[in-house]
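Peer 1: okay, here's the prediction I keep looking at, along with the sequence it came from:
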Amino acid sequence: MHQIIAWFARNGVAANLLMLAILMAGINTLFKRIPTEVFPEFELDMITVSVPYRGSTPAEVEESVVVKIEEAIQDLQGIKEINSTASEGAGSVSIEVDKGYDSRDLLDDIKNRVDSINTFPVETEKPVINLAKPRGEVITVVLAADMSESDLCLLGEQIRDEIVNLPNVTQVSLQAVRPYEIAIEVSEQTLQQYGLTLDGVAQAIRSSSIDLPAGAIKTTGGEILLRTKGQAYVGSDFENIVLLTRNDGTRLTLGEIAKVVDGFEETPLFARWNGKRCVMIAVARVGNQNAIDLANEVKDYLVERRHTLPPGVDLDYWNDRSKIVKGRIQTLTSSAMQGGFLVFLVLALFLRFSLALWVCLGIPVAFMGALAFMPQLGVTINIISLFGFILVLGIVVDDAIVTGENIYSHLQRGSHPTQAAIQGAQEVSVPVIFGVLTTVAAFVPIMMIEGFRGKIFAQIPLVVIPVLLFSLVESKLILPAHLKHLRMHSNPEGSGSLLNLFQQFFARGLERFAQGIYQPTLRLAMQYRYMTLAGFTGICLILFTLLASNRMMFVFFPRVPTERITVRLTMPEGTPSETTQRHINHILAEANKLKQREDYTEPSTGESIIQNIMDVVGVSGMTGGRRRSAGLTHVGEVAMGITPPEARQLPLTSQEVVAQWRRAIGIIPGAQELSFRAEIG
């Protein structure tokens, strides 16, 4: 190691090329290769099986669906735990994959077992089986208007198609809409009149509403493929389906005996945005797409599209998760600038201006080096990896400071600059290397945490460790080559430039502190070493006691205020949707009352801090958070978007808004759960 340090110190060109290579590799990765997302995207060790069973009770779902799935898969190897939920109209089974087993192999085995079950009720739909994966939604577009449900859905589909055709948008889904359904109603009396049966009518519809291949015709110009187009998509197509042909050649069509209605599935799902019925269009990030660029592109589209909409139609966005990434990047940038300035200031006051400059250069070198390797390590720019950068910012220049200070001390003793750079770096190479490695070792166990949390927290050491290793490379191979150009100025005490006078003043103060306070305290601690050891042991015991007694709380994710406050209502299963809607209307009315209050109005703009209000019945998690299956008559939620804390002039916090809203709502009769959320974490 000593020979490598000496070679780089003597060959400054090689050291500069190494520094430039690290910087260019990091910059290239930052702008071209590494995706930016809100949350790290990875497959969970979890497989979900969902079976819709419309119109059924939870007891029927458990007996007819859930239990049969559990019995079919329980003996498969690789299953750690099975959790099942039977709710109104649907059943779901979550299978946790055991450590050491491949999730995709187990997924295939579960599909084979579930597909072989032939005793499900005929009313159940096809089971949906897939690997659980966090949603990559970046921003949600809201389209609201006082128009019919069908017209609103058609306009929503048009907006969705336009968004998906934007250059950087790939995955878009329409939400808060009921599935299209064509209802065919025929009376028993009519069937008897024409000598038909319900099964016969159903079979005629199935055989007529279908696209079929009709072979191929070979010509001199090539081969022509033939296909009959008979699939019906709208009510008028079904009305023209022929049920029977009479002896006289006349035909009986479905429209003559049945009422065909174009409509929607009878699912209790209803959403409003500021009092108007709405649909939502969720835009998700896939692959290497940049979440911030994706959100900005959608916002630009909304600004242009609003001008072309009919009067009374609102087009806005909701739940912009890219703001979280922007905030973390701003925090990282601000912390890096502040930390770098403080390091530079302290070193410049006690040592040399140029020494402080070269030491601070280690921060971007270490960060760019880590960025260059992030794609190979499977790490993206997200709120977790950015937290890792912020965490390591305070320790990244420690080894450079130790190395630089030791080189400076050799210069003060009269050594030749090149020799001082070599000897100064070599002397502290072993303790500096082991110091960095011990810090690396402290982060390695985080990579061994199992399960969902382990995959999240693994992003932190995968950022911190490369940063530390590249800071070590910079301090041992690059920094000495730069510090060999330092020259000592032989200014007598009390003379020289203003900067030298400041340095002499602070140097004398540090010397007085070391000799007058630190050394006597150190001698006293060494003289009474057992008492010193007992004192520090007591402090450690007090800290552990605070943790054990819950006086000092420990949480994986600290709760921080957000720009959205959500109230979720859960009634007992089986509650009619009309009852749930009535309670949601009450919660919504109290939210609107808060919005109209004077103490919620910004003095400069005259607008309320409550910007938008959304309410949903039939599904929870639609306004943000963990989403549950749609069609649940007993659940609903109301969410309000409020002005961000940094832009808010009123001294009103989101927690105070929650407290006032909770008091205004009061007690919901028969509610199973009423939860308020104004924080993330």
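Peer 2: Perfect, I can see it now.

Peer 1: per-domain residue ranges of this protein.
Peer 2: Following automatic domain parsing, one gets these domains for the chain: 2-39+325-488, 46-131, 137-179+267-320, 181-214+226-264, 560-680.

Peer 1: need the ones you listed in CSV (columns: mean neighbour count).
Peer 2: To be clear about C-beta, it is placed using only N, CA and C from the backbone, and glycine gets the same treatment. CSV is the format used below for the domains of the chain (neighbours: other Cβ atoms under 10 Å):
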stretch, mean neighbour count
domain 2-39+325-488, 18
domain 46-131, 16
domain 137-179+267-320, 17
domain 181-214+226-264, 13
domain 560-680, 17
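
Peer 1: okay, those in JSON lines with distance to Tyr518 and mean pLDDT next?
Peer 2: Formatted as JSON lines, the domains of the chain follow (distance: least, Cβ to Cβ, whole Å; pLDDT from 0 to 100):
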{"stretch": "domain 2-39+325-488", "distance to Tyr518": "15", "mean pLDDT": "84"}
{"stretch": "domain 46-131", "distance to Tyr518": "51", "mean pLDDT": "87"}
{"stretch": "domain 137-179+267-320", "distance to Tyr518": "48", "mean pLDDT": "89"}
{"stretch": "domain 181-214+226-264", "distance to Tyr518": "78", "mean pLDDT": "73"}
{"stretch": "domain 560-680", "distance to Tyr518": "39", "mean pLDDT": "84"}
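
Peer 1: output these as JSON lines; include the columns distance to Leu547.
Peer 2: Formatted as JSON lines, those follow (distance: least, Cβ to Cβ, whole Å):
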{"stretch": "domain 2-39+325-488", "distance to Leu547": "18"}
{"stretch": "domain 46-131", "distance to Leu547": "28"}
{"stretch": "domain 137-179+267-320", "distance to Leu547": "35"}
{"stretch": "domain 181-214+226-264", "distance to Leu547": "54"}
{"stretch": "domain 560-680", "distance to Leu547": "22"}
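
Peer 1: residue with max distance from the center of the chain?
Peer 2: Asp248 (67.2 Å; Cα atoms, centre = their mean).

Peer 1: Val279 is in contact with Gln175, correct?
Peer 2: Yes - using Cβ atoms under 8 Å, Gln175 is in contact with Val279, at 7.1 Å.

Peer 1: where's Thr580 relative to Tyr317, distance?
Peer 2: Counting by Cβ to Cβ, to the nearest Å, the separation of Thr580 from Tyr317 is 27 Å.

Peer 1: now Glu125
Peer 2: 32 Å.

Peer 1: swap in Gln193?
Peer 2: Gln193 is 55 Å from Tyr317, where distance means Cβ to Cβ.

Peer 1: now do Ile69
Peer 2: Distance from Ile69 to Tyr317, by Cβ to Cβ: 39 Å.

Peer 1: for the protein, what's the longest helix?
Peer 2: With secondary structure taken from DSSP state H, the chain has its longest helix at helix 322-350.

Peer 1: which helix or strand lies directly C-terminal to that helix?
Peer 2: helix 353-360 (DSSP states H and E).

Peer 1: show me what that next one is packed up against.
Peer 2: If you count contacts as 3 or more Cβ pairs under 8 Å, 6 or more residues apart in numbering; DSSP states H and E, helix 353-360 packs onto helix 322-350, helix 398-412, helix 479-483.

Peer 1: since that was my last question, I'll sign off now.
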